[in-house]
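# next input, structure requested:
(one chain, ligands or ions: 1)
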Amino acid sequence: MVSTPTIGVLALQGDVREHARSLVESGAVAVAVRRPEELDQVDALVIPGGESTTMWKLAVAFEMFDPIQQRVKAGMPAYGSCAGMIMLADRIEGGIEGQQTLGGLDMVVRRNAFGRQVDSFEYDLDLPGIQGFRAIFIRAPWVESVGNDVEVLARAGDRIVAVRQGPLLATSFHPELTGDARVHSYFVEMVREL
Ligand SMILES: NC(=O)CC[C@H](N)C(=O)O
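Below is the predicted model:
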């Protein structure tokens with residue numbers, strides 16, 4: 001893989017500019033992706049937070065759902081934050097009637113899991129190679145259970161909040177909001193290695 005990968009940020013909803021900034025800081029070229037032709041141009045994709053039900057409907061309306069799913073199946077690296085984590089989960093709990101995900105990560109994610117207890121909070125996490133990351137959770141999901149091939153990267157208390165399976169990365173929290181680009185750098189490294 002090239003040392004300066006081009007990474008798309010799905011721009012249907014969410015903190016597109018903030019993700020792009022952290023990707024650029026991590027040595028990638030970042031582009032907004034709204035259409036299938038734009039998806040074709042990128043080496044990897046970030047799926048921001050927002051509302052997974054809305055994002056799913058927008059992805060279908062913009063004819064992006066199937067193309068993204070196909071790229072993910074074909075091995076494109078992808079990173080989903082919060083609602084993006086829900087989008088990358090094979091199975092979800094607490095979704096709305098008929099809610100579909102792109103899938104790819106062999107796990108069950110519970111929507112609004114922390115949200116029922118407290119709407120938003122911050123928590124200092126350790127991830128592999130990253131000590132003391134201030135993670136911001138906003139109506140966040142947690143990972144209920146993972147398959148054998150999924151690596152748990154971080155927990156908040158006893159809840160799983162960051163995972164990786166091959167080229168796919170997901171976090172319950174929003175690293176783009178802190179201006180600390182270390183999680184994005186971790187993803188860019190993953191993209192470079194694959
Ligand atoms: N900050 C977020 O992305 C929240 C996720 C949202 N609760 C959902 O279900 O999609």
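
# R192: which element?
helix 182-193 (DSSP states H and E).

# contacts for stretch 49-62, please.
10, 12-15, 34-35, 47, 64-65, 68, 81-84, 86-87, 92, 95-96, 99-102, 111, 138, 174 (C-beta atoms under 8 Å, 6 or more residues apart in numbering). Heads up, the C-betas are built off the backbone N, CA and C, glycines and all.

# how many other residues sit next to G129?
Neighbours of G129 under the rule other C-beta atoms under 10 Å: 10.

# for it, give its distance to the ligand.
Separation of G129 from the ligand (C-beta to the nearest ligand atom, to the nearest Å): 25 Å.

# on that earlier part again, now list the buried members of the contacts of stretch 49-62.
10, 12-15, 34, 47, 64-65, 68, 81-84, 86-87, 92, 95, 100-102, 111, 138, 174 (16 or more other C-beta atoms under 10 Å).

# out of these, who's near the ligand?
Within the set of the buried ones among the contacts of stretch 49-62, contact with the ligand (C-beta under 6 Å from any ligand atom) is found for C82, A83, I86, R111, I138.

# is it possible to export those to a markdown table including distance to M190, secondary structure and pLDDT?
Output for those, formatted as a markdown table (distance: C-beta to C-beta, whole Å; DSSP: H, G, I helix; E, B strand; the rest coil; pLDDT from 0 to 100):
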| residue | distance to M190 | secondary structure | pLDDT |
| --- | --- | --- | --- |
| C82 | 19 | coil | 97 |
| A83 | 20 | helix | 97 |
| I86 | 20 | helix | 98 |
| R111 | 25 | coil | 96 |
| I138 | 24 | strand | 94 |
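
# how about the contacts made by E122?
With C-beta under 8 Å, 6+ apart, E122 has these contacts: R134, A135, I136, F137.

# D124 too?
Per C-beta under 8 Å, 6+ apart, neighbours of D124: G132, F133, R134, A135.

# check Q99 too.
Q99 neighbours (C-beta under 8 Å, 6+ apart): S52, T53, W56, I92.

# I'd say A140 and D119 touch.
No: here A140 lies out of contact with D119, judged by C-beta atoms under 8 Å, at a distance of 9.3 Å.

# between these two, which is the more surrounded one?
Taking A140 and D119 together and counting by other C-beta under 10 Å, A140 has the greater number of neighbours (31 against 12).

# host element of the more buried one?
Here A140 is assigned to no helix or strand, by DSSP H and E.

# chain center to stretch 127-138: distance?
Relative to its chain's centre, stretch 127-138 lies at 14 Å (C-alpha atoms, centre = their mean, to the nearest Å).

# now stretch 131-148
The answer for stretch 131-148 is 11 Å, by C-alpha atoms, centre = their mean.

# mind checking the SS state of the residue positioned nearest the centre of the chain?
Residue closest to the average C-alpha location in the chain (C-alpha atoms, centre = their mean): G80, at 0.8 Å. Secondary structure of G80, reduced to three states by DSSP: H, G, I helix; E, B strand; the rest coil: strand.
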